[in-house]
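1. quick one: sequence plus predicted model below, questions after.
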Amino acid sequence: MPASLTPTLTSFRRIVVKVGSSLLVDQSAGGLKRDWLDTLAADIAALHKDKRDVLVVSSGAIALARAVMKLPSGVLKLEEAQAAAAIGQIALARSWSESLGAHGIAAGQVLLTLGDTEERRRYLNARSTIDKLLEWHSVPVINENDTVATSEIRYGDNDRLAARVATMMSADLLVLLSDVDGLYDKPPSSGDARLVPVVPRITPEIEAMAGVSESETSRGGMLTKIEAAKIATTAGTHMVIASGRVPHPLQAIVNGAPCTWFLTPANPVTARKKWIAGSLEPRGALTIDEGAVKALRIGKSLLPAGVIKIEGAFGRGDAVIVRGPDGAEVGRGLIAYDVEDAEKIKGRSSADVLLILGYTGRTEMIHRDDLVVGGH
């Protein structure tokens with residue numbers, strides 16, 4: 001993509017900024033990186049003054065509690081992690097409040113559990129609360145409620161949480177501040193790795209790059225960012241990965257610092273479809289043929305005839321991923337059949353459904369009103 005078509009941070013009106021633990025907390029020194037946080041708060045204040053909505057998804061509660069309580073390194077037991085989160089959240093919220101308060105901005109703490117974004121009624125309630133905070137010109141500071149979340153009901157990482165918040169709040173940009181400055185085509189330590197400045201569409205090749213990118217503590221760090229990009233861009237939100245290891249990291253993006261932009265398709269997404277697109281826990285996946293891919297991209301429903309492979313254990317109404325024959329994610333939707341019945345009718349004409357199943361089901365495997373298509 002020509003550089004002139006690359007987005008600029010200041011062209012967006014509602015921005016979600018995700019900040020990781022390693023950027024906020026200095027474990028060796030035993031505390032918060034307050035000077036760095038103050039520079040980020042100054043960047044947020046500048047955007048805020050320019051009438052832009054800014055939301056923060058902040059990690060760091062448990063890491064901060066480790067430093068405050070001098071907890072040993074290593075994996076904490078569940079009850080230890082939850083207790084640490086309780087201590088760390090207070091310290092973290094106070095720090096955000098003080099840094100933003102220095103610019104006359106009120107910070108509002110929002111703690112979410114998985115059900116708050118995955119269950120439609122709770123999703124709407126959480127969105128209304130955050131909307132009111134924005135209406136009051138405050139900055140919501142959002143985190144997972146680690147004091148009550150268990151492994152079975154967790155987002156799993158704050159990259160995906162941030163993507164879910166961005167889609168829920170109809171943000172037009174998600175910024176992932178990281179300890180790397182973007183996606184590379186091979187491990188940066190190889191010496192000849194190149195930064196990928198723009199990703200128009202997430203393909204299997206892009207996912208393969210994420211699998212070999214050196215990011216944070218493991219390769220999985222970049223993989224979760226690619227998953228966040230899928231969630232965000234499919235729901236109509238651009239995303240950028242940029243380094244947070246510099247003062248004033250948002251201003252650095254404005255000034256042209258190295259970063260990777262993930263672009264969203266131009267098609268508008270309704271509020272309900274934002275919820276579908278952002279589903280964090282798809283229960284399965286459908287692989288479809290090229291003809292079905294083309295049909296979906298012009299607004300058609302997904303018919304059984306176009307489905308060539310089914311994976312997962314889903315029930316009627318569950319969210320599933322739809323992939324093209326090359327393995328690239330085409331979209332996400334709510335399936336109209338249980339997995340057993342879907343398996344029986346895949347590749348068959350809609351007219352055969354009654355004969356095969358013994359009952360009249362929906363003509364479509366996924367109706368277009370229940371389907372969000374990404375890509376171009």
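-> Perfect, I can see it now.
2. low-confidence ranges, the protein, go.
-> Residue ranges of the chain with pLDDT under 70: 1-5, 27, 29-30, 149-156, 212-220, 266-268, 271, 280, 375-376.
3. repeat the analysis, applying 50 as the threshold.
-> Across the chain, the ranges flagged by pLDDT under 50 are 1-4, 215-220, 376.
4. so who does the closest residue to residue 86 other than its chain neighbours touch?
-> Once flanking residues are discounted, residue 86 sits nearest to residue 147: 4.8 Å by C-beta to C-beta, 6 or more residues apart in numbering. For every residue, glycine as well, the C-beta is placed using N, CA and C. By C-beta atoms under 8 Å, 6 or more residues apart in numbering, the contact set of residue 147 is 82, 83, 85, 86, 89, 111.
5. residue nearest the centroid of the chain?
-> With distances taken as C-alpha atoms, centre = their mean, residue 163 lies nearest the centre of the chain, 2.2 Å away.
6. wait, that one sits on residue 231?
-> Yes. Counting by C-beta atoms under 8 Å, residue 163 touches residue 231, with 4.0 Å between them.
7. intersection of neighbour lists for those two?
-> In contact with both residue 163 and residue 231: residue 278, using C-beta under 8 Å, 6+ apart.
8. specify the local secondary structure of residue 164.
-> helix (DSSP: H, G, I helix; E, B strand; the rest coil).
9. do the same with the one 3 residues further on
-> Assigned by three-state DSSP, the conformation of residue 167 is helix.
10. how many residues are close by it?
-> By other C-beta atoms under 10 Å, 28 other residues sit near residue 167.
11. ok, back up a step: what about the residue nearest to the centre of the chain, distance to residue 36?
-> Here residue 163 is placed at a distance of 24 Å from residue 36 (C-beta to C-beta, to the nearest Å).
12. which secondary structure elements does the lengthiest helix in the chain contact?
-> In the chain, with assignment by DSSP state H, the single longest helix is helix 78-101. In terms of contact count using 3 or more C-beta pairs under 8 Å, 6 or more residues apart in numbering; DSSP states H and E, helix 78-101 is assigned the packing partners strand 31-32, helix 34-49, strand 53-58, helix 61-69, strand 107-112, strand 139-144.
13. okay, buried residues for the second one please.
-> Using 16 or more other C-beta atoms under 10 Å as the test for burial, helix 34-49 gives 36-48.
14. just put those in a markdown table and tack on distance to residue 11.
-> As requested, these are arranged in a markdown table below (distance: C-beta to C-beta, whole Å):
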| residue | distance to residue 11 |
| --- | --- |
| 36 | 26 |
| 37 | 26 |
| 38 | 26 |
| 39 | 22 |
| 40 | 20 |
| 41 | 22 |
| 42 | 20 |
| 43 | 16 |
| 44 | 17 |
| 45 | 19 |
| 46 | 15 |
| 47 | 12 |
| 48 | 16 |
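15. those: which two are farthest apart?
-> Spatial extent of those (C-beta to C-beta) is set by the pair 36 and 48 at 18.6 Å.
16. if we can go back for a sec, not counting the longest helix of the chain itself, show me its contacts.
-> If you take C-beta under 8 Å, 6+ apart as the criterion, helix 78-101 is touched by 24, 32, 34, 37-38, 40-41, 44-45, 56, 58, 60-66, 68-69, 71, 76, 106-107, 109, 111, 139, 141, 143, 145-151.
17. if any of the residues you listed are buried, give me the ChimeraX selection for them.
-> Buried subset of the contacts of helix 78-101, written as a ChimeraX selection, criterion 16+ other C-beta under 10 Å:
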select :24,32,37,38,40,41,44,45,56,58,60,61,62,63,64,65,66,68,71,76,107,109,111,139,141,143,145,146,147,149
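18. wait, residue 61 touches residue 145, no?
-> No. If you go by C-beta under 8 Å, residue 61 and residue 145 don't touch, sitting 9.8 Å apart.
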